[in-house]
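>>> Predicted model follows, preceded by the sequence.
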Amino acid sequence: MMQAYGLKSHIWNNNLRSIFLLIMFPVLLLGLAFAFTLLWTGFTADMTPDEGLSYALSVMPRAAPMTLGVSGAWFAIAFFGHQSMIDMATKAKSVTKSQEPRAYKMLENLCISRGITVPKLKIINTPVMNAYASGVRDENYTVTLTRGLMENLDDEELEAVIAHELSHIKNRDVRLLIIAIIFVGIFSFVGEGVFRGLMRTNLPRNDHHRRSGGSQAGALVFFGLAIIALSYLLASLTRFALSRKREFMADAGAVELTKNPDAMIRALKKISGRAELKNVPAEVREMAFENPRTGITGIFATHPPIEKRIEALVKFAGGRADSESKPQRIRQREEPQTPAQKARAKRNPWWPKR
């Protein structure tokens, strides 16, 4: 796959990768159907490896339409219902402009400044500091923030994080990742089902199969399991390969929107070590602003280290690693506290609020 240079070429590459995924995954699904046929033949028939392979190939013209139909139905359900699934997994709640005026104002201002359709805003009530964007088209794009993020970042830092998530939407990162997640979910479901079934179920075998020790069938079972494992590995590697560079590009997009690399650097520092979304599926965590899980020795890390992201902002965006947060507007300025303030606020509809 070609490397992307610059924001426009990154968007072009994401669109190209989306098409590539839509072509590649059905091919892998047909490989799964072939593997299932080999497994079934190995457990229920007494065939040599050559006979089993020939039989599996002869069955594929009948199995392919059913396989693609089932996977297509899965994809359609996930494509149109993914937002509800994500909200259930993270317990995110929709909020109105009157409920969260601070975040909504930032979101609207950033969208208006670049002619972007304003996405929905949702909040997760957790002290964890994180955020993510979701959706596949303008009508259902969503930016989700955690309560901890909103309470611990100053206005410039929160704006930088929101701009980062808007960049994911603008760059088509969100759509690409959701397509990848949907298809990898199929392979994950199938792979887990097969191995659990092998552990718990004894499929019937004929007498000659038992007497021969199943040596011939064992080869077919091995081939089938190898194809399933290879398909799952290729699908997973494709998904992980999509993740790392997109974070650097979204950081760059946020700086382009806000003209404030210092705020992004400060936000990254504050979020570091406080971003883990516990009890949330790994697929959703991969969509987040920061995913501290690095996998086996970092090979399957879905996000670059925060230190690397800060280093890039300093080197390429002119950010300062030692800038300080701006004083936050305290609650006393948002809501009247003393009896005298409450009385003035009642008489004055223009009492200063955020």
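Arrived safely.
>>> Run a quick neighbour tally on N171.
23 (other C-beta atoms under 10 Å). From N, CA and C alone the C-beta is placed, and that goes for glycine too.
>>> Now for N291: which residues touch it?
A275, R285, T302, H303 (C-beta atoms under 8 Å, 6 or more residues apart in numbering).
>>> at 6 Å instead, please
By C-beta atoms under 6 Å, 6 or more residues apart in numbering, N291 lies in contact with R285, T302, H303.
>>> swap in I271?
By C-beta under 6 Å, 6+ apart, I271 lies in contact with M129, E290.
>>> quick revisit: next step: the contacts of N291 restricted to helices.
When the contacts of N291 are checked against helices (DSSP state H), the matches are R285.
>>> Is it possible to mark the buried ones in the contacts of N291?
For those, a burial check counting by 16 or more other C-beta atoms under 10 Å picks out R285, T302, H303.
>>> ok, so of those residues, who is nearest D251?
Using C-beta to C-beta, H303 comes nearest to D251 of the buried ones among the contacts of N291, at 10.9 Å.
>>> Backbone dihedrals for the residue lying closest to that closest one once chain neighbours are set aside, please?
Spatial nearest neighbour of H303, chain neighbours left out: N291 (4.7 Å); criterion: C-beta to C-beta, 6 or more residues apart in numbering. Here the main-chain torsion angles of N291 (degrees, to the nearest 10) amount to phi -130, psi 100.
>>> circling back to that earlier point, closest one of the buried ones among the contacts of N291 to K8?
Lowest distance from K8 to the buried ones among the contacts of N291 (C-beta to C-beta) belongs to H303, with 23.1 Å.
>>> Surely the closest one touches F248?
No. The criterion here is C-beta atoms under 6 Å, and H303 misses it with F248 at 9.9 Å.
>>> which residues in the stretch 151-300 of the chain form helices?
For the stretch 151-300 of the chain, the helices defined by DSSP state H, counting those that start in this stretch occupy 155-170, 173-200, 207-211, 215-241, 244-258, 261-271, 282-285.
>>> Averaged pLDDT, the longest one. What do you get?
Helix 173-200 shows an average pLDDT of 72 in the prediction.
>>> circling back to that earlier point, how about the contacts of N291 in CSV, adding distance to R137 and pLDDT?
Shown next, in CSV, are the contacts of N291 (distance: C-beta to C-beta, whole Å; pLDDT from 0 to 100):
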residue, distance to R137, pLDDT
R285, 23, 89
T302, 24, 73
H303, 25, 85
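>>> ok, so of the contacts of N291, who is nearest I265?
H303 (16.0 Å).
>>> Please tell me how far that closest one sits from K122.
H303 sits at a distance of 21 Å from K122 (criterion: C-beta to C-beta, to the nearest Å).
>>> same deal with G31?
37 Å.
>>> With neighbour numbers in mind, choose between the two.
The neighbour count for G31 versus K122, taken as other C-beta under 10 Å, is higher for K122 (21 against 17).
>>> what's in contact with the strand or helix carrying the more buried one?
Using DSSP states H and E, K122 sits in strand 120-124. With C-beta under 6 Å, 6+ apart as the test, strand 120-124 has contacts from T90, A92, K93, S94, V95, Y104, L107, T142, V143, T144, L145, T146.
>>> okay, the angle between it and helix 155-170?
Between strand 120-124 and helix 155-170, the angle comes out at 120 degrees (axes from the mean of the first three to the mean of the last three C-alpha atoms, to 10 degrees).
>>> rounded to a whole number, what's the mean pLDDT of strand 120-124?
Computed over strand 120-124, the average pLDDT equals 97.
>>> in its sheet, what does it sit against?
strand 93-94 (antiparallel), strand 142-146 (parallel) (DSSP bridges).
>>> I'd like those laid out as JSON lines, including distance to A219 and mean neighbour count.
Listed next are the strands paired with strand 120-124 as JSON lines, based on distance: least, C-beta to C-beta, whole Å; neighbours: other C-beta atoms under 10 Å:
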{"stretch": "strand 93-94", "distance to A219": "54", "mean neighbour count": "12"}
{"stretch": "strand 142-146", "distance to A219": "49", "mean neighbour count": "25"}
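>>> just so I know, which of those strands lies nearest N15?
Among those, the nearest to N15 by C-beta to C-beta is strand 142-146 (20.7 Å).
>>> With just CA atoms, put the closest one into CSV.
The C-alpha atoms that make up strand 142-146 are tabulated as CSV, following Å, rounded to 0.1, in the frame of the first residue of the first chain:
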residue,chain,number,x,y,z
THR,A,142,-20.3,11.3,16.8
VAL,A,143,-17.6,12.7,19.1
THR,A,144,-17.6,11.1,22.5
LEU,A,145,-15.7,12.6,25.5
THR,A,146,-15.2,11.3,29.0
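>>> Now tell me what touches that strand from outside.
92, 119-124, 126, 128, 130-135, 165.
>>> which strands and helices sit next to the lengthiest helix in the chain?
With DSSP H setting the assignment, residue counts place helix 49-90 as the longest helix in the chain. Counting by 3 or more C-beta pairs under 6 Å, 6 or more residues apart in numbering; DSSP states H and E, the packing neighbours recorded for helix 49-90 are helix 7-44, helix 173-200.
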